[in-house]
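J.: predicted model follows, preceded by the sequence.
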Amino acid sequence: MIPADARVYVVDDDDSFVRSALRLLASWGIRAEGFTSALDFLARDPTDGPACALVDLRMPGVNGLELQEALAEEGAWLPVVLMSGHTDAESRVAALCSRAVDFVTKPVAEERLLDALERAFAGAAEVTSGAARGGARPDVPPRRPERERFEPGGLAEADFAP
């Protein structure tokens with residue numbers, strides 16, 4: 001379930017996609033804000049309340065994976081749903097090996113997008129309730145070295161957990 005005060009950030013270099021996504025999210029009653037570059041998104045004011053980001057995997061300059069890494073380096077835990085218009089194996093593997101909550105392929109079916117956002121907010125609620133109980137955010141599994149993750153046999157079954 002998506003909280004009533006939730007905010008979704010849409011980060012994609014395709015301005016028409018951003019506008020379309022913002023209209024769709026507004027039709028669902030979800031507050032959303034769009035950015036056409038990862039750097040613009042990183043320069044935003046921090047948000048109070050539940051939020052997640054819908055981020056294009058392939059953007060010029062800072063791509064979706066690099067944006068996710070920058071958020072982690074800042075200590076910000078923001079659920080990220082990665083998306084791409086490319087359905088190649090490399091894109092899927094990169095997304096699955098990242099810290100993304102989900103990966104969707106553009107064009108995104110509305111039901112699939114809603115499901116991905118609900119998963120993102122469910123994870124955010126878990127982190128928030130853990131922090132409220134005095135616990136830390138759940139540890140993110142350590143990233144494996146790039147060479148190990150992408151060499152044949154470098155992916156473990158755990159990399160594909162549901």
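T.: That came through, no problem. The shown structure was predicted, so the numbers you read here are calculated from the model rather than taken from an experiment.

J.: can you give me the helices in this structure?
T.: 15-27, 38-42, 64-73, 89-97, 110-132, 146-150 (DSSP state H).

J.: so which elements touch the fourth one?
T.: I take that to be helix 89-97. Counting contacts by 3 or more Cβ pairs under 8 Å, 6 or more residues apart in numbering; DSSP states H and E, helix 89-97 packs against strand 80-84, strand 102-105, helix 146-150. Just so you know, the C-beta spots here come from the backbone N, C-alpha and C atoms, and that holds for glycine as well.

J.: one more pass at 7 Å, please.
T.: strand 102-105 (3 or more Cβ pairs under 7 Å, 6 or more residues apart in numbering; DSSP states H and E).

J.: what's the weakest-modelled helix or strand in this structure?
T.: Lowest on mean pLDDT, DSSP states H and E among the helices and strands of the chain sits helix 146-150, with a mean of 37.

J.: residues of stretch 40-57 that come out buried?
T.: Phe41, Pro50, Ala51, Cys52, Ala53, Leu54, Val55, Asp56, Leu57 (16 or more other Cβ atoms under 10 Å).

J.: test my guess that the fifth one contacts Arg7.
T.: No: applying Cβ atoms under 7 Å, one finds Ala53 not in contact with Arg7, separated by 9.6 Å.

J.: low-confidence stretches in the chain?
T.: Within the chain, the stretches with pLDDT under 70 are 124-162.

J.: and the gap between the residue nearest to the spatial centre of the chain and Ala6?
T.: For the chain, the residue nearest the mean C-alpha position is Val80 (1.4 Å; Cα atoms, centre = their mean). Here the criterion is Cβ to Cβ, to the nearest Å. By it, Val80 lies 15 Å from Ala6.
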